[in-house]
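*Asks:* Would you be able to build a 3D model of this:
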Amino acid sequence: MNFRERLIRFMQGRYGIDQLSKFILVIGVVCVLISALFGDHPAALVPYFLGWILVIYSYYRVFSRNVTKRYAENQTFLAKTYGIRSFFQKQKNIWQQRKVYHIYTCPSCKQKIRIPKGKGKIEVRCPKCGTTFIKKS
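*Replies:* As a prediction, this is how the structure comes out:
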């Protein structure tokens with residue numbers, strides 16, 4: 001039996017990694033790295049131990065057999081961070097679309113309007129309020 005099969009057998013019935021575990025792990029590693037920047041200063045002990053506690057808790061969540069509780073914790077985390085995550089997802093989507101489209105804002109209702117690039121000077125009509133304005137695409 002190779003290592004992969006052993007790992008699969010070991011993880012059966014365990015929760016595994018989710019967004020909350022990843023978040024806790026990243027915060028823990030960042031705390032440990034911040035403590036490394038302070039060196040031997042006594043103030044570096046707090047983020048050092050906090051970081052290791054978070055890393056250990058993250059792995060506890062990954063290897064936990066209480067799947068329903070870990071799932072509920074993750075759903076609570078996702079619900080509380082929905083606004084932040086959706087904001088960054090929208091920004092990423094807009095940034096990817098800027099290669100092909102110009103994104104303008106309607107002067108009257110502030111609706112974002114997507115116009116294809118390379119069409120020259122065009123008259124744009126807002127689909128929300130009907131205002132027309134001229135923009136270069």
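*Asks:* low-scoring pLDDT stretches of this structure, where are they?
*Replies:* The chain contains no residues with pLDDT under 70.
*Asks:* What strand or helix carries the most centrally placed residue in it?
*Replies:* Centroid-nearest residue in the chain, with C-alpha atoms, centre = their mean: Arg85, separated by 5.1 Å. Assigned by DSSP states H and E, Arg85 falls within helix 82-97.
*Asks:* And the residue nearest to the centre of the chain, how close does it get to Tyr71?
*Replies:* 18 Å (C-beta to C-beta, to the nearest Å). For glycine as for every other residue, the C-beta is placed from the backbone atoms N, C-alpha and C.
*Asks:* swap in Leu54?
*Replies:* Taking C-beta to C-beta, one finds Leu54 at 20 Å from Tyr71.
*Asks:* And Lys92, by the same measure?
*Replies:* For Lys92, the distance to Tyr71 - C-beta to C-beta - is 27 Å.
*Asks:* for Met11, same thing?
*Replies:* 16 Å.
*Asks:* Asn93 now?
*Replies:* Taking C-beta to C-beta, one finds Asn93 at 28 Å from Tyr71.
*Asks:* Identify each buried residue in the helix holding Arg85, please.
*Replies:* Buried residues in helix 82-97, counted by 16 or more other C-beta atoms under 10 Å: none are found.
*Asks:* How far does it sit from its chain's centre?
*Replies:* Distance of helix 82-97 from its chain centroid, counting by C-alpha atoms, centre = their mean, to the nearest Å, is 9 Å.
*Asks:* Give me the contact list for that helix.
*Replies:* 78, 103, 114 (C-beta atoms under 8 Å, 6 or more residues apart in numbering).
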